[in-house]
Each structure stands twice: as structure tokens, then as C-alpha cells.
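In: What follows is a predicted structure for the sequence shown.
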Amino acid sequence: MLMVSQTDIGRVRLVNEDRAAVQSELNGLSLAIVADGMGGHQAGDVASTMAIERIQEGLQYIHSGMSIDECKQKLRQAIEKANESIYDFASQRENYYGMGTTVVVTVASQDLLLIGHVGDSRAYKIDRESIVQLTEDHSLVNELVKSGQITPEEASQHPRRNWVLRALGTEPEIEVDIYEYPWKQGEIVLLCTDGLSGLLEDHTIWNHVKEETSLEAAARKLIHSALDAGGDDNVTVILMGHDQETEIETENEKG
């Protein structure tokens, strides 16, 4: 599995509250996590760091011999336990009260993607023909779009476009969306925070990934494009290439 992770503080924020982790070999599977923290007094970076650490810990014994249902259960439990840890930590410390974080987690085999999701960080699947959003935002503007109160174009400029309706750590229990998708050679999975998806249209993201010859170059192009578009938030991306036959290779593996 080819995996690249990059992040940037952006042009406005004083602290990078995004966190990411990749683990290309996890008992026959691959793991990628992106979290976007929120909260004052630098609480956001604490929340996102805790989410990454707790979820990784909770998934260390997942393996390719498990059934799909068992893997889904492990993924859900890891995210739920991370939520409990963050909520308990914040509840006992006044300066951290109300902190939280989004999270999007991908566990991948050679033919299947399992995705756990809370918040408005996203997962996409990209190939030479298309880009498909794999997660649905838990955000105010997405609910307004779904109910027909605003258009998708209006959502991108809405003053409350950063409001999330679900986040780890803000409540003692959390509802986790679990998705299952097939994937195959030649496809790339992108995980990102809204510092990317909130500034770049899907077709722009697709073009940047399609045009580059390595995962590292594609990740850099995405980051720089978000910065050029204003960079008003931290921006983090993970790119996962299916395997050594993925059309875009990592720079270290180019001949």
C-alpha cells in the first residue's frame, strides 16, 4: 500500500489543530486517520492528537483474517472509545471543556475499504475518470442543502459553513458512520480536512491528483492550491494508492 500524509498550518491560524497518521502494514491491512480539532486554549490540537492515538491503539489487533462485520465492529469501538477518552479528559479540565475533533478513518485491504467517520473531514475515491465523495458531512450547511434551504454553491460561502453537528469529545456518546466500499488497482483514496475540501471544488481536487506523477507531488499540489485559495484553515491530506500497480507511484519508488 502506498501512503502519503502532509499538513500545513495555513495562512491564518496560529496553531495547527489537524493531525494525521498512516500505517501501511497493520496485520495485512492498512490504516489512515485524519482528525481536525476544535476548541479554545489550544484544546483542538489536544483533542485531535488524542483521537489519533486512541484510535490507533484500538485498532492494533485488527487483522485481515477477521470478517467484515468483525472489522466494522472494531473500527466503531475504537472511535467510540476515543470519544469517551476525549470527553472524560475535557470534562475534568475547565480549560478544555467543550473541545472536540472530527475524524475520518480508513482501514483498507486489497479489495475493500472500511471507513469510520464523524464530522466534516472527508474521504474521496479517485481514479482516472472521476472523483467520488465517500463520506457525508455532519455539518449545518449539509443539512441545509439536504433540506433544500440553500444550494451547494451557497453552502460554500455560508457564514456557518464550519459548524459541525457531530464531533468526538463533545458528548459522552457518539454516533459513528461506518461505510464499506470496494476498491481496485489504479484507484486512490484521499482523506482530508475541510481546510482542503472547503476551498477546492471536487473537480479541482481530481485534476490535481490526476495530473501529478507521484503521491507526494499530488499531496503538495493539493496543499499549495488550498493555500493559494486563501488558506484560512489548517489543511491536511492523506493519499492512499492501491498498491505497486497504482498509476501514481510514490517518489521513492519511481525508477
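Out: Looks like it came in fine. Residues are numbered from 1 along each chain as shown.

In: all contacts plus neighbour counts: C-alpha atoms, from now on.
Out: OK.

In: From what I see, Cys71 and Gln60 are in contact.
Out: No: with contact defined as Cα atoms under 8 Å, Cys71 does not count as touching Gln60 (11.6 Å).

In: all helices for the stretch 51-200 of the chain, in order.
Out: 68-91, 140-146, 152-155, 194-197 (DSSP state H, counting those that start in this stretch).

In: Just the C-alpha atoms of the second one, please, in CSV.
Out: Coordinates of the C-alpha atoms in helix 140-146 are reproduced here as CSV (Å, rounded to 0.1, in the frame of the first residue of the first chain):
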residue,chain,number,x,y,z
LEU,A,140,-25.1,22.5,9.4
VAL,A,141,-24.7,23.5,5.8
ASN,A,142,-25.0,19.9,4.6
GLU,A,143,-28.3,19.6,6.4
LEU,A,144,-29.5,22.9,4.9
VAL,A,145,-28.6,21.7,1.4
LYS,A,146,-30.3,18.3,2.0
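
In: buried stuff in that helix?
Out: By neighbour count with 16 or more other Cα atoms under 10 Å, helix 140-146 contains the buried residues 140-142.

In: What sits closest to Leu113 if chain neighbours are left out?
Out: Spatial nearest neighbour of Leu113, excluding adjacent residues (Cα to Cα, 6 or more residues apart in numbering): Tyr181 at 5.1 Å.

In: re earlier: need the buried residues of helix 140-146 in TSV with pLDDT and distance to Glu94, can you?
Out: TSV is the format used below for the buried residues of helix 140-146 (pLDDT from 0 to 100; distance: Cα to Cα, whole Å):
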residue	pLDDT	distance to Glu94
Leu140	84	27
Val141	79	30
Asn142	74	31
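
In: Is it possible to get TSV of the residues you listed that adds distance to Val12?
Out: Shown next, in TSV, are those (distance: Cα to Cα, whole Å):
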residue	distance to Val12
Leu140	23
Val141	22
Asn142	25
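
In: Comparing Cys71 and Gln60, which residue is more hemmed in?
Out: Neighbour count, other Cα atoms under 10 Å: between Cys71 and Gln60, Cys71 has more, with 18 against 14.

In: What residues does the more buried one make contact with?
Out: 62-63 (Cα atoms under 8 Å, 6 or more residues apart in numbering).

In: Tell me the spacing between it and Asp127.
Out: 26 Å (Cα to Cα, to the nearest Å).

In: what's near enough to touch Met122?
Out: No Met there; residue 122 is Arg. Counting by Cα under 8 Å, 6+ apart, Arg122 touches 104, 133-137, 190-194, 197.

In: Check Gln23 too.
Out: Gln23 touches 30-32, counting by Cα under 8 Å, 6+ apart.

In: Also Thr193?
Out: So Thr193 contacts 18, 34-36, 120-122, 234-237 (Cα under 8 Å, 6+ apart).

In: let's go with 7 Å and repeat that
Out: Counting by Cα atoms under 7 Å, 6 or more residues apart in numbering, Thr193 touches 36, 121-122, 235-237.

In: Check Gly116 too.
Out: Gly116 touches 75-76, 104-106, 176-179, counting by Cα under 7 Å, 6+ apart.

In: swap in Ile126?
Out: By Cα under 7 Å, 6+ apart, the neighbours of Ile126 are 132, 187-189, 206.

In: cutoff 6 Å now
Out: 187-188 (Cα atoms under 6 Å, 6 or more residues apart in numbering).

In: heads up, I number from 46, so please use that
Out: With the count now opening at 46, the last piece we talked about shows up as Ile171.

In: Residues in a beta bridge with it, which ones?
Out: Ile176, Ile233 (DSSP bridges).
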